[in-house]
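J.: fold the stuff below for me.
(chains A, B, C and D)
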Protein chains: 4
Amino acid sequence: MDSIKAENGNTAILLIHCPDQSGILATVTDFINVNGGNIVYLDQHVDREQKVFFMRVEWELKHFVIPQERIAEYFDTLYAQKFQMYYRIYFSDYTPRMAIFVSKMSHCLFDLLARYTAGEWKVEIPLIISNHPDMQWVAERFEIPYFYFPVNKDNREEQADAMLELLAQQRIDFITLARYMQIIPEKMIEAYPNRIINIHHSFLPAFIGAKPYHAAYERGVKLIGATSHYVTAELDAGPIIGQDIARISHKNTVKDLIHKGQDLEKIVLSRAVEKHIDRKILTYKNKTVVFN
Amino acid sequence: MDSIKAENGNTAILLIHCPDQSGILATVTDFINVNGGNIVYLDQHVDREQKVFFMRVEWELKHFVIPQERIAEYFDTLYAQKFQMYYRIYFSDYTPRMAIFVSKMSHCLFDLLARYTAGEWKVEIPLIISNHPDMQWVAERFEIPYFYFPVNKDNREEQADAMLELLAQQRIDFITLARYMQIIPEKMIEAYPNRIINIHHSFLPAFIGAKPYHAAYERGVKLIGATSHYVTAELDAGPIIGQDIARISHKNTVKDLIHKGQDLEKIVLSRAVEKHIDRKILTYKNKTVVFN
Amino acid sequence: MDSIKAENGNTAILLIHCPDQSGILATVTDFINVNGGNIVYLDQHVDREQKVFFMRVEWELKHFVIPQERIAEYFDTLYAQKFQMYYRIYFSDYTPRMAIFVSKMSHCLFDLLARYTAGEWKVEIPLIISNHPDMQWVAERFEIPYFYFPVNKDNREEQADAMLELLAQQRIDFITLARYMQIIPEKMIEAYPNRIINIHHSFLPAFIGAKPYHAAYERGVKLIGATSHYVTAELDAGPIIGQDIARISHKNTVKDLIHKGQDLEKIVLSRAVEKHIDRKILTYKNKTVVFN
Amino acid sequence: MDSIKAENGNTAILLIHCPDQSGILATVTDFINVNGGNIVYLDQHVDREQKVFFMRVEWELKHFVIPQERIAEYFDTLYAQKFQMYYRIYFSDYTPRMAIFVSKMSHCLFDLLARYTAGEWKVEIPLIISNHPDMQWVAERFEIPYFYFPVNKDNREEQADAMLELLAQQRIDFITLARYMQIIPEKMIEAYPNRIINIHHSFLPAFIGAKPYHAAYERGVKLIGATSHYVTAELDAGPIIGQDIARISHKNTVKDLIHKGQDLEKIVLSRAVEKHIDRKILTYKNKTVVFN
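T.: Have a look, this model is predicted:
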């Protein structure tokens, strides 16, 4: 599962965005090089309109002279403040912890769990949360604790608190909504900013809200889509991570659209989860930079 | 150019939609068979929700016992009334006449004219109409008369009348808007119902109206699209004929989107024009049935 | 799971191919209509080069006057011989039985089983066969009997006999190879003609045989593909059912190709299985007609 | 047409590949920065298997202290030798000169010329060469000199010499084969290494050689493709630049494949030409690195 570590030892991943200035790239790569880090990945992007510099760099720590636990401090002191950087540092020896939220449909859940159990991703899934008991049997099949939180208008706040407590207790890093059909309470979004991944079953911004396949059928589109995005306070309006489409025709009923769409949804969601686990997504304002 | 005719002689194309009842398909094919017509194409579709039957059938007229000019009359008397059919009959020895409307951009215009001059389509293009003089040189290169109708708020009605007169005089069958950046007046839509093909530079219904690439960039989508549709009174809301998309990333500026989108636009528009020329599109309510 | 039955009762599905002659379509639809069958699906295709007519028609049996068990006999006597038809008749109240063959990789297996347990398909999966013990745990998770047949050069024949006996005993209708990395013995192909579905991890006919992703990487292609096909005696040369591709770039290693390819493989395979279950595939010579 | 220049003045584009060593990226970016160059584009790639470093960097020359005509010399002396670099330097104020070779089909030719006359590309097209007179009229329409070189078995060598002389005289930088149906002589390939762009009408390596659509039809594939590549001595085996596909079905005849394929061919070819003009393609062994 952890082939990068096995081959090359532990790596550090640095994600940055900051006002664009000449010399940043050279400065950061120089910092890594002179301190004995071997760069194994580098990608950068400059948004020339916003004048913002984005970068993802990953290096091997084996011969790096700064101790792992002090890299952030050094980097902050020497560069981050000077360049007004927003940055995050991750290490490949840490396995992120993901919670899955699900309602009644199994296709995304199965796809996530199949990859998980096959060791495709470096992630832990300590729990599944649902507002329905329907998917309990799937959780049991994969031996993952399933927590049933029936949510209604009256208990929304308490249930959110209970869920947040559970998530904190399980040291959850991010949440994947595998067709979870409930509005996420604002306090949860604030607790997991750009860390809640949703799959919406349309090519956003078309067909926001409920029943997008019915709306697509009504409009007579010739393509259906799916969109993965981070959840923000505004419904279906968060930063888009990925999108894909499938061709349909006049022969397809709403039922066909729903059926065809499920393959799209699961693949688009899983790709987004993978990018998130790989620390390859940077968000800025309401958009994402997704590195290859 | 007209290989079907050369090989098989003249054919009749019958497009039908009517309330679904058992036996329609057998009745129509039987009508053709017993009268000596050899069916060379048949496709049908039943919308089970609306309970509507759609059909396209094409047959060789060489041994058909009913004279070409009386087929419509016979068909009407014997079947159309009985089954409450909406139908149209076309003959392959007639070449439809298309007008192109264009504003300032050349990519769709060039694509249409390249296919036309290469003999790819069985169509005549007697004229190009524009609200700008910019594309005159392209028209000249292809030796097609170019009519410049400067349209503004005050002369909209008179110009529409003048255009309609020209279109009638040239016996235009249908109009293709090759990125024509003007609202089509209602009287023109009424004169050419489901006969004005537009290309909109987004995957409708996302980004209706002006500057869809700017809106797509703002929203941070990962796909851009193009949509061909028949023009109706409501802006960008007519029956969709075809759609396609291209992948974009955070690296792409608005200028890139516009540039990438042009390839989409011209291909999606030309495909729609081809389907229209081939009599393969049926419209019902605000949707299309597009046969292969 | 069986919504068609629930709504409309049992249906008959007739698949035909025969030399093209005028009147076949009318004759067959008439046969169904006059005997009280309500057609719920009809698609046909004429291969004008080979002069072969293909048809799939499905009708409700509720008011059909010919008893279900005698339809084949009547059809054969009245039409099949006259038109030299190759035909098959299926009934929607029968659930086909599928065996899965697998080696060491789980992605296709999980995708098939997730759809199966979610009730997406009208199919029974009574057993999984493998030449390795590795996937036993997945079978157990889904409570499906797993049979381990270690195959080597010396025991190929006996193992094939043993497998065939097991398949016969379990009344298996068709076999899906979910990345089964063994040549299928000829006697098995003869026992299941056009009933063994394989997924090959390239866009055939490119990269036939072993290690196609390595070959694709070596060649520097910009697309990778997957192909579902029926197994014939010639390796990777059977009738193609479906294909799809994914974009790659110079950044992708062989490992990336293998990883990206897995999503393609599982979706392309599952789509083929679905078409087969729905009786929507006709084979003729070495090609397929796949109805929508 | 030349908006980059208009906005930012002249830029230098440096393309490099060399054995991978730590510090190259920092060294090169530092060289540009300390000498007053403002980097407007940077992309790099490390092939970890081959241990080769690839880079494309573009910077504004306005405040760059090294005079334009001496940059190559300085770079060579200071870095290229030290790092065993293969490199090329281009300047945005030079407009590359492209020759088009064509045979009898117009679709790719029209697409190239439409973009050219619309000012989409920074390129000059001083001439069109053909082994047939058929496309003369298109050349005339776009006012581009058309040279007819009838090639046969006996005059192949002399014609190649005559063409090469013409190309040299016109200072042609690279050649685009717009469905030119003749083998390119080896001496021409040697004169324009990785500078002859071909479009092959299949997804290579499937269907190498003549009549790929016929072969695709025979094999019963469900996708057709097109591949742009640099021409090398081995037929259809040069470094692939880009590929794309279109979906087909059993309904499509060879004629349909040819027709559908033309849209693929022209778009895939034009994309490759654009990448080449933009100096975004690096070749190494028999593969390309194509930057975004």
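J.: show me the strands in the stretch 101-250 of chain A, by range?
T.: For the stretch 101-250 of chain A, strands defined by DSSP state E, counting those that start in this stretch occupy the ranges A:124-130, A:146-148, A:174-178, A:196-200, A:223-230, A:240-247.
J.: list the buried residues of the fifth one.
T.: Going back to what we said before, that points to strand A:223-230. Under the neighbour-count criterion of 16 or more other Cβ atoms under 10 Å in any protein chain shown, strand A:223-230 has A:L223, A:I224, A:G225, A:A226, A:T227, A:S228, A:H229, A:Y230 buried. In this view, the C-beta of every residue, glycine as well, is placed from N, C-alpha and C.
J.: and these, which is closest to chain C?
T.: Distance to chain C across these (Cβ to the nearest Cβ) is lowest for A:A226, with 13.1 Å.
J.: report pLDDT for the closest one.
T.: On pLDDT, A:A226 comes in at 98.
J.: what is the neighbour count of A:R279?
T.: Counted with other Cβ atoms under 10 Å in any protein chain shown, the neighbours of A:R279 add up to 18.
J.: how near is it to A:V40?
T.: Counting by Cβ to Cβ, to the nearest Å, the separation of A:R279 from A:V40 is 13 Å.
J.: one more: A:D154?
T.: Distance of A:D154 to A:V40, computed by Cβ to Cβ: 52 Å.
J.: which parts of the stretch 151-292 of chain A are helices?
T.: Applying DSSP state H, counting those that start in this stretch to the stretch 151-292 of chain A gives helices spanning A:156-169, A:186-191, A:212-219, A:254-277.
J.: out of A:D154 and A:V40, name the residue with the larger neighbour count.
T.: Ranked by neighbour count (other Cβ under 10 Å), A:D154 and A:V40 place A:V40 first, with 16 against 8.
J.: who's in contact with the more buried one?
T.: A:N8, A:T11, A:E58, A:W59, A:E60, D:R48 (Cβ atoms under 8 Å, 6 or more residues apart in numbering or on different chains).
J.: can I get the helix or strand where it lies in CSV, CA atoms only?
T.: Using DSSP states H and E, A:V40 maps to strand A:38-47. Only the C-alpha atoms of strand A:38-47 are listed here, as CSV (Å, rounded to 0.1, in the frame of the first residue of the first chain):
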residue,chain,number,x,y,z
ASN,A,38,15.9,15.3,-3.1
ILE,A,39,12.9,16.8,-5.0
VAL,A,40,10.8,14.0,-6.4
TYR,A,41,7.8,16.1,-7.5
LEU,A,42,7.4,19.7,-8.4
ASP,A,43,4.5,21.5,-10.0
GLN,A,44,3.7,25.1,-9.9
HIS,A,45,1.1,27.5,-11.4
VAL,A,46,0.8,31.2,-11.6
ASP,A,47,-2.6,32.8,-11.9
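J.: give me the next element, helix or strand, following it.
T.: As assigned by DSSP H and E, the chain's next helix or strand after strand A:38-47 is strand A:52-60.
J.: burial measure for A:L164, as a count.
T.: 17.
J.: in the stretch 51-200 of chain A, which residue sits closest to chain B?
T.: A:F54 (7.8 Å).
J.: scratch that, the stretch 1-150 of chain A
T.: A:H45 (6.0 Å).
J.: need the residues of the stretch 151-292 of chain A near chain B, please.
T.: By Cβ under 8 Å from any Cβ of the partner chain, the part of the stretch 151-292 of chain A that sits against chain B consists of A:203-207, A:219-223, A:225, A:239-245, A:249-251, A:253, A:286-290.
J.: could you rerun that using 6 Å?
T.: Counting by Cβ under 6 Å from any Cβ of the partner chain, the stretch 151-292 of chain A comes close to chain B at A:203, A:205-206, A:219-223, A:240, A:242-243, A:245, A:250, A:287, A:289.
J.: tell me the one among the residues you listed nearest to B:F64.
T.: Lowest distance from B:F64 to those (Cβ to Cβ) belongs to A:H250, with 29.0 Å.
J.: give me the phi and psi for the closest one.
T.: phi -60, psi -20 (degrees, to the nearest 10).
J.: just A:P19 next, same as before
T.: When read as degrees, to the nearest 10, the backbone of A:P19 gives phi -60, psi 140.
J.: give me the beta-bridge partners of it?
T.: A:V52 (DSSP bridges).
J.: against A:T283, how distant is it?
T.: 17 Å.
J.: domain parsing of chain A, as residue ranges.
T.: Partitioning chain A according to automatic domain parsing yields domains covering residues A:2-91, A:97-290.
J.: one step back: strands paired with the strand holding A:V40, and their directions?
T.: Paired with strand A:38-47 in the same sheet, following DSSP bridges, are strand A:52-60 (antiparallel).
J.: okay then, goodbye and thanks.
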